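Student: give the three-dimensional model of this entry:
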Amino acid sequence: MNILVLGATGGTGRLIVSDAVAKGHSVVALVRSSAGADLPGAELIEGDARDEITLRRAMDGCDAVASALGTGMGFRKVSLLTETTRALVPAMARGGLRRLVCISALGVGDSRGHGGFVFDRLFQPLLLREAYKDKDRQEAAIRASPLDWVIVRPAMLTDDPARGTVRAVTDLAGINGGKIARADVARFTVDQLTTDTWLRRTPVILW
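Tutor: Residues are numbered from 1 along each chain as shown. From the prediction side, this is the model:
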């Protein structure tokens, strides 16, 4: 499969690229700058992911898209995910691509309130308020699209070694926080490109 990866230079994005390459997929990575973008096995294309024409150029010849784009903590308003998704959906439709696997986060949409006491009452409403508004808008745009999408909501990301297995749930009863290694998130994300197990669903993944 030929895969376009967005957010490929981030912590999880790099691992998505390496996992996809290891599984025999061909990978195109859309990056702002190829300088210092150490992504072995991937074809690099420079450009702004918020631009539909750039996206269409990058996904030419691809079969699916994996997005690991994200924004950090802070109080300023952000719209990267919203703008990118609003350009990505029509670009994929015009390019004939249907499969989109997008990494979101535990705490977005109907998973809000399941991040644990400190996260739900301190981090999300204060330091992550604007970033999560952007994620909410991103998810809404994906859900409203005609694409074959999977929205992956990982718990708190760590740089621990991969365990090789994850717990994936949509029934959040009893879920109050948790963590998962970026490597396991990357592996799960790549797997969703070729399976319909979680098609048009929003699994929370954690250990």
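
Student: mind listing what the spatially most central residue of the chain touches?
Tutor: Centroid-nearest residue in the chain: I103, 2.3 Å away (criterion: CA atoms, centre = their mean). Listed by CB atoms under 8 Å, 6 or more residues apart in numbering, the contact set of I103 reads G7, T12, S67, A68, L69, G70, V152, P154, V185, T189. For the C-beta atoms, the positions are set from N, CA and C on the backbone; glycine is no exception.

Student: hey, which helix or strand in the protein has the poorest pLDDT?
Tutor: Taking mean pLDDT, DSSP states H and E as the measure, the chain has helix 117-118 as its least confident helix or strand, at a mean of 89.

Student: show residues contacting that one.
Tutor: Contacts for helix 117-118 (CB under 8 Å, 6+ apart): N176, G177.

Student: show me how far it is from its chain's centre.
Tutor: Distance, stretch centre to chain centre, for helix 117-118: 24 Å (CA atoms, centre = their mean, to the nearest Å).

Student: distance from the helix or strand following that helix to the middle of the chain?
Tutor: Per DSSP states H and E, helix 117-118 leads on to helix 129-143 as the next helix or strand towards the C-terminus. The chain centre lies 12 Å from the centre of helix 129-143; the measure is CA atoms, centre = their mean.

Student: and helix 129-143, what does it pack against?
Tutor: When contacts are defined as 3 or more CB pairs under 8 Å, 6 or more residues apart in numbering; DSSP states H and E, helix 129-143 sits against helix 80-95, strand 99-103, strand 148-154.

Student: same thing but at 6 Å, please
Tutor: Applying 3 or more CB pairs under 6 Å, 6 or more residues apart in numbering; DSSP states H and E, one finds that helix 129-143 contacts helix 80-95.

Student: residues contacting the helix it packs on, please?
Tutor: Defining contact as CB atoms under 6 Å, 6 or more residues apart in numbering, one finds that helix 80-95 is touched by 49-50, 52, 55-56, 59, 69, 71, 134, 137-138, 141, 145.

Student: least confident pick among the residues you listed?
Tutor: Minimum pLDDT for the contacts of helix 80-95 is recorded at T71 (90).

Student: quick one: contacts for that one?
Tutor: V78, L80, A131.

Student: not counting stretch 200-207 itself, show me its contacts.
Tutor: By CB under 6 Å, 6+ apart, stretch 200-207 touches 106, 111, 151, 153-155, 166-170, 178, 180, 188.

Student: CSV for the contacts of I103, including distance to R98 and neighbour count?
Tutor: Listed next are the contacts of I103 as CSV, based on distance: CB to CB, whole Å; neighbours: other CB atoms under 10 Å:
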residue, distance to R98, neighbour count
G7, 20, 24
T12, 23, 22
S67, 15, 28
A68, 19, 25
L69, 19, 23
G70, 23, 20
V152, 17, 25
P154, 23, 26
V185, 22, 27
T189, 17, 26
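
Student: which one in these is the model shakiest on?
Tutor: For the contacts of I103, the pLDDT minimum is G70, 93.

Student: which SSE is that one in?
Tutor: In this structure, G70 is located outside every helix and strand according to DSSP H and E.

Student: any idea how far it lies from R57?
Tutor: 23 Å (CB to CB, to the nearest Å).

Student: again, but for D51
Tutor: On the measure of CB to CB, D51 and R57 end up 9 Å apart.
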